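Enquirer: Sharing a sequence plus its predicted fold:
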Amino acid sequence: MPERLSPLLMSILAIGIAILYIPMLVLIGYSFNASALVSVWGGFSTTWYTQLLHNDQILDAAWLSLKIGVVVSTVSVILGTLAAISLVRFKRFRSRLLLTGMVNAPLVMPEIVTGITQLLLFVSMLHLFGWPHRGFMTIVIAHVAFCTAYATITVQSRLQSADRSLEEAAMDLGAGPVRAFVDTTLPGIAPALASSWLLSFTLSLDDLVISSFVSGPGASTLPMVIFSKVKLGVTPDINALASLIICAVGVCVLLAGYLMRRTELQRVRDAQLSEQ
C-alpha cells in the first residue's frame, strides 16, 4: 500500500498553494473589471485588454524583453554547458578554483551590487573604447553574466550523473569526442538544458534592478515600464498585462514539463532495452 500524506501535511500544503495561486486568480479576475478603479468591481469587460493591445509603450517594452530573454537564455545555456563540462570532465586544471568561484559568485551576489559594477564597467569601456552604448547590448551582457551561473549549476548537476559508458563506447567505435558527446550524452542532459534555458529566460524577463542600471534611453524593458506605472498606482491595463504573462508562463511550463517527462520516459525505456 502506498503511504498517504498526513492531514496536517496536506493542510499545510493546501495553505501554501492557496497563498501562492489565489492572488493570481484574483488578479486575473480583476483584469476583466469594467471599472477604472481597481478596488471597485464594475462588471465584466475586456476593455483593458483592447487598450493594452494599442499601448505602444508596453508592446515595445514587451518585445524588447522577449528579444533580450531569447538571446540571453541561448547564450547562457551555451556558456553554462561549456563551463559545466569543464568542471565535471576535467578534475584538475589551472584556474579551476577561480572558475568555480566565478560560477558561484552571481548566485549569492545582491543584484544591486551586480548592477552597480556592470554600470561602472560599461561607463569605463565607453570612455576607453567608445563601446558599448547603453541599451540592448549592455542589458544582454549584464543578464548573461548572472544567468550563466544558474545554467552552469543546472547542467553540472545533470552531467555529473550522466553515464559515460555510452560515450566511451561510441569513441571505441570510431566517433570523435565531440561526435560521441553529441550523440550519446547530449540527449541525456537535454532536460537540464531545457530547464536552464527556461530558468535563464525567466530570470532575464523578470529582472528589474540590473536592467535599471545598465539600460539607456529608449531601452526600457517590460519590468521597468510596469514598475514605473505601478509607482503611480495599479491600473487595470497592468492587471491585463500581468494576466497574459501568467497564462503564457503557465502554458510554457506545462509544455516544457510534458516534453521533459516524455524525454525522460524515453530515456528510461531505452536504458531498459539496452539491459535486456
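Expert: Perfect, thanks for sending it.
Enquirer: can you give me the helices in the chain?
Expert: In the chain, the helices defined using DSSP state H lie at 7-30, 47-53, 56-89, 96-108, 111-129, 136-160, 165-172, 177-180, 186-188, 190-206, 209-214, 222-230, 236-275.
Enquirer: Export these as a markdown table, with columns for distance to Leu37.
Expert: (Glycine included, C-beta is placed from N, CA and C.) A markdown table is the format used below for the helices of the chain (distance: least, C-beta to C-beta, whole Å):
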| stretch | distance to Leu37 |
| --- | --- |
| helix 7-30 | 10 |
| helix 47-53 | 12 |
| helix 56-89 | 20 |
| helix 96-108 | 42 |
| helix 111-129 | 34 |
| helix 136-160 | 35 |
| helix 165-172 | 62 |
| helix 177-180 | 61 |
| helix 186-188 | 54 |
| helix 190-206 | 28 |
| helix 209-214 | 29 |
| helix 222-230 | 16 |
| helix 236-275 | 9 |
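Enquirer: so can I have TSV of these showing mean neighbour count and mean pLDDT?
Expert: Below are the helices of the chain laid out as TSV (neighbours: other C-beta atoms under 10 Å; pLDDT from 0 to 100):
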stretch	mean neighbour count	mean pLDDT
helix 7-30	11	88
helix 47-53	16	87
helix 56-89	19	92
helix 96-108	13	84
helix 111-129	14	91
helix 136-160	22	92
helix 165-172	14	81
helix 177-180	13	83
helix 186-188	16	83
helix 190-206	21	89
helix 209-214	21	93
helix 222-230	17	87
helix 236-275	14	80
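Enquirer: For Ala36, which of those is the nearest?
Expert: helix 236-275 (6.4 Å; C-beta to C-beta).
Enquirer: okay, the angle between the closest one and helix 222-230?
Expert: Using axes from the mean of the first three to the mean of the last three C-alpha atoms, to 10 degrees, one finds that helix 236-275 and helix 222-230 are set 150 degrees apart in direction.
Enquirer: related to what we said a few turns ago, the helices of the chain: which one's closest to Ser39?
Expert: Taking C-beta to C-beta as the criterion, helix 7-30 is the member of the helices of the chain that comes nearest to Ser39, at 8.8 Å.
Enquirer: Only the C-alpha atoms, please, for the closest one, written as CSV.
Expert: What follows is the C-alpha trace of helix 7-30 in CSV, where atoms were taken according to Å, rounded to 0.1, in the frame of the first residue of the first chain:
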residue,chain,number,x,y,z
PRO,A,7,-3.9,15.5,7.2
LEU,A,8,-1.6,18.1,8.8
LEU,A,9,0.9,17.9,6.0
MET,A,10,-2.0,18.1,3.4
SER,A,11,-3.4,21.2,5.2
ILE,A,12,0.0,22.9,5.2
LEU,A,13,0.5,22.1,1.5
ALA,A,14,-3.0,23.4,0.6
ILE,A,15,-2.4,26.6,2.5
GLY,A,16,0.9,27.1,0.8
ILE,A,17,-0.6,26.5,-2.7
ALA,A,18,-3.6,28.8,-1.8
ILE,A,19,-1.3,31.7,-0.7
LEU,A,20,0.7,31.3,-4.0
TYR,A,21,-2.2,30.9,-6.5
ILE,A,22,-5.2,32.7,-5.1
PRO,A,23,-3.7,36.2,-5.6
MET,A,24,-3.0,35.3,-9.2
LEU,A,25,-6.6,34.2,-9.7
VAL,A,26,-7.9,37.4,-8.1
LEU,A,27,-5.6,39.4,-10.4
ILE,A,28,-6.9,37.6,-13.5
GLY,A,29,-10.5,38.2,-12.4
TYR,A,30,-9.9,41.9,-11.9
